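# fold the following and give me the result.
(chains A and B)
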There are 2 protein chains.
Amino acid sequence: MTSGAKPGYVRPLNFRRGSVELAHGGGGRAMAQLIDELFMAAFDNPALRKGNDQAVVEPPPGRLVVATDSHVVSPLFFPGGNIGSLAVHGTINDVAMCGARPLALTAGFILEEGYPLADLRRIVESMSEAASAAGVSVVTGDTKVVERGKGDGVFINTTGIGVVPPGLELSGDRARPGDHVLVSGPIGDHGVAIMSLRESLGFEAPITSDSAALHELVAAMLDEVPQVRCLRDPTRGGVAATLNELSRQSGVGIVIREEALPIREAVDAACELLGLDPLYVANEGKLLAICPPDASERLLAVMRAHPLGSDAALIGEVIEDSHGFVQMETAFGGTRNVDWIAGEQLPRIC
Amino acid sequence: MTSGAKPGYVRPLNFRRGSVELAHGGGGRAMAQLIDELFMAAFDNPALRKGNDQAVVEPPPGRLVVATDSHVVSPLFFPGGNIGSLAVHGTINDVAMCGARPLALTAGFILEEGYPLADLRRIVESMSEAASAAGVSVVTGDTKVVERGKGDGVFINTTGIGVVPPGLELSGDRARPGDHVLVSGPIGDHGVAIMSLRESLGFEAPITSDSAALHELVAAMLDEVPQVRCLRDPTRGGVAATLNELSRQSGVGIVIREEALPIREAVDAACELLGLDPLYVANEGKLLAICPPDASERLLAVMRAHPLGSDAALIGEVIEDSHGFVQMETAFGGTRNVDWIAGEQLPRIC
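This next block holds a predicted model:
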């Protein structure tokens, strides 16, 4: 994030009535001003203050991890967060799922001409708060502006880097027959919060996104149970897609029990109304964990002791199956395949 | 980049007549297929093949550097490259400008529903070729799809990480009065190539973007002249904006000589026609270097010995000036201020 406006030359940005202009992405004084008065003000830290086009980070020992996510969620604001906090949580979670401690984030904005500066500031401030709360800095960034009608308000790419402590080896290909499958809490909250808003479903109490940074939960889990095989956050495609990914990567099958799946009543009811299956609905503050069977009781206890895992549950186990099928024992005693969804269930959910 | 389609379940993507669908961003089988048949095929490397949501990189000793760039160039294809090669070069250059060796790139795609898969493949293949040529892998990525009319074909975020060898300290705040200012070659090529295309200027020989990865030129320069104070690539806002940034960061003035600025004849002529000042036009394969005066001759020789610096020139020097003004001695013997541009000269140039 390079900034360079000479202060005092221009009047301050109007965060009450102003809007994004093409000039804010042009590399000149207007861009420098947006960076100074908005991004630097919100994200202020020594790396950003250097004003270079890149940031220098001193990593502790360990393997370096990098994860990237572009966020296009619509609408931009929703119960429980907005695209800014979501962009921070989503990328921290991708970094954390291999056991890494997140170190730094980058932020790339694609803004649409005409977007209100007031709303942009709310988004940037949410990013900043989410990053501070997670103990991570936004160390460098980039701003582009596209013409009206060539974007959709705000898109944000966040890329995260982190460090895996020596000795830790988590990966989606490490699940073994007999392993247990755990989820950290009720599923479907984020996707249903977004869809309820889009469909203007008026619930008595609005359903709130579960958007949250999970790295501290992960650290607590791995401190106590380093035998965990793999962790993954079931975002787009939901628990169903994530279990299918893991079974494919590990070359195993997975069987889950419908009755064991934690689902909030309101989410269940909304899914019914919206014609959604909660297994396929995105989460933004949940994780799936696979661990050896003799470690699952201890792991569950650690998860339940953390505020972000208080409703954690053991939902199934890994079985031998070279086809990599995921199956569910239903509440009625039958078994059904939990397949990939073929198409788009929920567009622009994150 | 997580992939998980079970092979053989769906027919292959139609790269001749197919187009991007919302389902390609939905987290289900269609997305897994796009990742497998397009991104994995183009970027294939061990980190990607792991199929996790993040990549693990083993950095050599040194300080870690991270840079991010979202690319929204329009049109997507231009003489000398396309958004894919540009996204690779742009981010490698931001990493390289602090003397770092680039290690890995991430790629985040925001695709517009309906964009032809054939064109997307050309873009992805250009990215892959540019990355291979630079010796850098795309280790992880992300794909989002937005509805028709909510994007503009393809936006690409690339984030790069690299390592600065111990002992090297380059930063925009290190310019000192007396230092010399060098440029690695003719200025304005990229911006003029894009603008000529947009304005359908039909030149006999089309003007070609200078888009290129500069990390090897930088390595050669720093091997020979480790005293270099700072390097920066004059992209958006051109040489004028970059010199203003550097003078502001270092708290110095800069004087350049108009006659010393290398500019191609065709670019000069096109600028005349388009009403552009080449000093403000973006470059994507050039760098500005500031070094102590006694090192500039040697630095210039090293730059000229490299194919990407063969037309390098000494264009000015750093002076004492607490206002941080950039000035130019004109060809007619006068002096003019080289100010920031206030607004948008060239939207969506990168």
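# excluding its backbone neighbours, what's nearest the residue nearest the centre of chain A?
Central residue of chain A (C-alpha atoms, centre = their mean): A:Gly90, 1.9 Å from the mean position. Closest residue to A:Gly90 apart from its sequence neighbours, by C-beta to C-beta, 6 or more residues apart in numbering or on different chains: A:Asp69 at 4.9 Å. Glycine gets a C-beta too; all of them are placed from N, C-alpha and C.
# residues touching that neighbour, list them.
The contact partners of A:Asp69, by C-beta atoms under 8 Å, 6 or more residues apart in numbering or on different chains, come to A:87, A:90-91, A:94, A:157-159, A:350, B:108, B:142.
# residues contacting the residue nearest to the centre of chain A?
Counted by C-beta under 8 Å, 6+ apart, A:Gly90 has contacts A:69, A:71, A:158, A:211, A:235, A:284, A:350.
# tell me the mean pLDDT over the helix or strand hosting it?
Element membership for A:Gly90, per DSSP states H and E: helix A:83-96. Mean pLDDT, helix A:83-96: 98.
# helices of the stretch 201-350 of chain A, start to end?
Assigned by DSSP state H, counting those that start in this stretch, the stretch 201-350 of chain A shows helices spanning A:215-224, A:238-250, A:265-274, A:296-304.
# mind splitting chain A into its structural domains?
The domain map for chain A lists A:22-164, A:180-337, with the assignment taken from automatic domain parsing.
# count of neighbours near A:Pro307?
A:Pro307 is flanked by 9 other residues according to other C-beta atoms under 10 Å in any protein chain shown.
# with A:Thr91 instead?
32.
# coming back round to it: show me the beta-bridge partners of the residue nearest to A:Gly90.
Judged by DSSP bridges, the bridge partners of A:Asp69 are A:Thr158.
# show me where chain A has strands.
With DSSP state E applied, chain A shows strands at A:55-57, A:63-71, A:77-78, A:81-82, A:101-112, A:137-146, A:154-164, A:180-183, A:230-232, A:253-257, A:288-291, A:313-319, A:326-329, A:335-337, listed in chain order.
# list the strands paired with the fourth one, with their directions.
Yep, that's strand A:81-82 we're talking about. Strand pairing for strand A:81-82, using DSSP bridges, gives strand A:77-78 (antiparallel).
# the first one too?
Looking at strand A:55-57 with DSSP bridges, its partner strands are strand B:63-71 (antiparallel).
# tilt between the partner strand and helix B:83-96?
If you take axes from the mean of the first three to the mean of the last three C-alpha atoms, to 10 degrees, strand B:63-71 sits at 150 degrees to helix B:83-96.
# what residues sit buried inside strand B:63-71?
Neighbour-count burial for strand B:63-71, with 16 or more other C-beta atoms under 10 Å in any protein chain shown as criterion, is recorded at B:63-71.
# list the buried ones in stretch A:132-143?
Buried residues in stretch A:132-143, counted by 16+ other C-beta under 10 Å: A:134, A:136-143.
# how close does the residue nearest to A:Val65 when sequence neighbours are not counted get to A:Gly172?
Among residues not flanking A:Val65 along the chain, A:Ala100 sits closest, at 4.1 Å (C-beta to C-beta, 6+ apart). Using C-beta to C-beta, to the nearest Å, A:Ala100 is found at 15 Å from A:Gly172.
# of these two, give the one with the bigger neighbour count.
Between A:Ala100 and A:Gly172, counted using other C-beta under 10 Å, the more crowded position is A:Ala100 (29 against 25).
# if we can go back for a sec, send me the helix holding A:Gly90 as CSV with only the CA atoms.
The C-alpha coordinates for helix A:83-96 follow below in CSV (Å, rounded to 0.1, in the frame of the first residue of the first chain):
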residue,chain,number,x,y,z
ILE,A,83,-17.7,-8.5,3.9
GLY,A,84,-14.9,-6.9,5.9
SER,A,85,-15.0,-9.1,9.0
LEU,A,86,-15.8,-12.1,6.8
ALA,A,87,-12.7,-11.5,4.7
VAL,A,88,-10.5,-11.5,7.8
HIS,A,89,-12.2,-14.5,9.4
GLY,A,90,-12.3,-16.6,6.2
THR,A,91,-8.6,-16.3,5.5
ILE,A,92,-7.4,-16.6,9.1
ASN,A,93,-9.4,-19.9,9.2
ASP,A,94,-7.8,-21.2,6.0
VAL,A,95,-4.4,-20.5,7.5
ALA,A,96,-5.4,-22.0,10.9
